[in-house]
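Participant: Test case, fold it:
(one chain, ligands or ions: 1)
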Amino acid sequence: MDSEILENLKKAVLEYDSESAANWASQAIKVGIDPITVLDALTVAIRDVGEGFARCELWLPDLIGAADAMQAVMPIIEDEIKRRGAARETLGIVVSGTVFGDIHNIGKDMVNTLLTAEGFEVHDLGINVSPQMFVEAVEQYSPDILAMSALMTMTAPEMMNVIAALKQKGLRDKLRIMIGGGAITEEFAMSVGADGYDPTAPGAVRLAKRFVGKE
Ligand code: B12
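Facilitator: From the prediction side, this is the model:
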């Protein structure tokens with residue numbers, strides 16, 4: 001029953017049917033499926049679309065259609081995650097954003113949702129965030145953690161610019177930096193001087209908790 005609902009949800013995303021995707025997500029929540037499991041199913045679906053695009057079997061409108069269906073579902077999952085996580089102590093402050101030149105926000109938003117649910121105060125700078133904007137936010141919020149996301153090999157090197165800008169202002173050592181997104185690997189993270197990387201949103205939360213000594 002659960003797997004049937006999740007299969008229908010994935011099918012709706014793959015058919016770019018936002019309304020049906022939202023209905024299946026609501027159904028999943030109604031029968032008690034863990035919202036993280038629902039997120040995982042959606043991730044599989046949208047990555048399938050990405051692979052089709054990479055093989056030139058699908059085109060930009062397909063990416064847009066699948067992303068729209070995914071975005072229609074996110075508020076339903078976010079509400080359930082928030083509902084399940086009763087008010088908790090604040091674990092720490094996070095500034096988050098997708099780097100300059102990159103407009104992919106779905107993965108970053110998943111990370112932010114889970115961090116918020118776990119008790120972090122998250123300041124989301126959005127997409128296409130310049131090094132200057134990251135620096136200003138760090139000055140404004142004094143975060144424990146800076147979380148950056150990049151989905152493209154072209155935009156991942158922007159992370160180096162952010163870290164260099166923080167160093168220039170003497171801010172680098174005042175926080176921990178975690179990075180992620182489809183274009184990032186562990187080796188890349190180490191080479192740019194980030195403090196941590198994880199390929200998943202739940203992993204980002206574990207990393208963040210470790211950074212603030214709460215794991
Ligand atoms: C949806 C999508 C789009 C949508 C984005 C909509 C949106 N609101 O985000 C649209 C249609 C707008 C789009 C546009 C483009 N896209 Co696009 N897109 C995708 C697609 C299919 C899915 C991305 C996604 O949401 N994945 C699902 C999420 C959940 O995964 P994720 O982001 O990786 O996040 C997870 C983890 O990485 C991690 N994570 C994420 N952030 C962080 C941060 C931290 C700190 C941590 C610890 C972890 C973490 O947690 C998440 C949950 O597990 C990917 C394919 C793919 N395989 O990813 C291509 C893809 C990223 N796109 C690609 C391209 C080329 C483009 C375009 C250039 C296409 C074009 N010709 O115009 C434009 C670029 C626009 C720009 N300047 O940014 C390429 C990039 C290739 C590359 N390696 O450089 C990909 C890989 C497709 C492909 N296979 O070729 N895209």
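
Participant: is the longest strand along the chain up against the ligand anywhere?
Facilitator: Across the chain, the longest stretch assigned as strand under DSSP state E is strand 92-98. No: with Cβ under 6 Å from any ligand atom as the measure, strand 92-98 is seen stopping short of the ligand, the closest distance being 7.3 Å. In this view, the C-beta of every residue, glycine as well, is placed from N, C-alpha and C.

Participant: what pairs with that strand, and is each one parallel or antiparallel?
Facilitator: Its sheet considered, strand 92-98 pairs with strand 120-124 (parallel), strand 145-149 (parallel) by DSSP bridges.

Participant: now for those strands, which one comes closest to the ligand?
Facilitator: For those, the distance to the ligand is smallest for strand 145-149, at 3.4 Å, taking Cβ to the nearest ligand atom.

Participant: Relative to the whole chain's centre, how far out is that closest one?
Facilitator: Centre-to-centre, strand 145-149 and its host chain are 10 Å apart (Cα atoms, centre = their mean, to the nearest Å).

Participant: tell me what the helix or strand following it is packed against?
Facilitator: Downstream of strand 145-149, the first helix or strand assigned by DSSP states H and E is helix 158-168. Packing partners of helix 158-168 (3 or more Cβ pairs under 8 Å, 6 or more residues apart in numbering; DSSP states H and E): helix 131-141, strand 145-149.

Participant: Out of the ones you listed, which is the most enclosed?
Facilitator: When you average the neighbours per residue for each of these (mean count of other Cβ atoms under 10 Å), strand 145-149 leads with a mean of 27.

Participant: and the angle from that strand to helix 158-168?
Facilitator: 150 degrees (axes from the mean of the first three to the mean of the last three Cα atoms, to 10 degrees).
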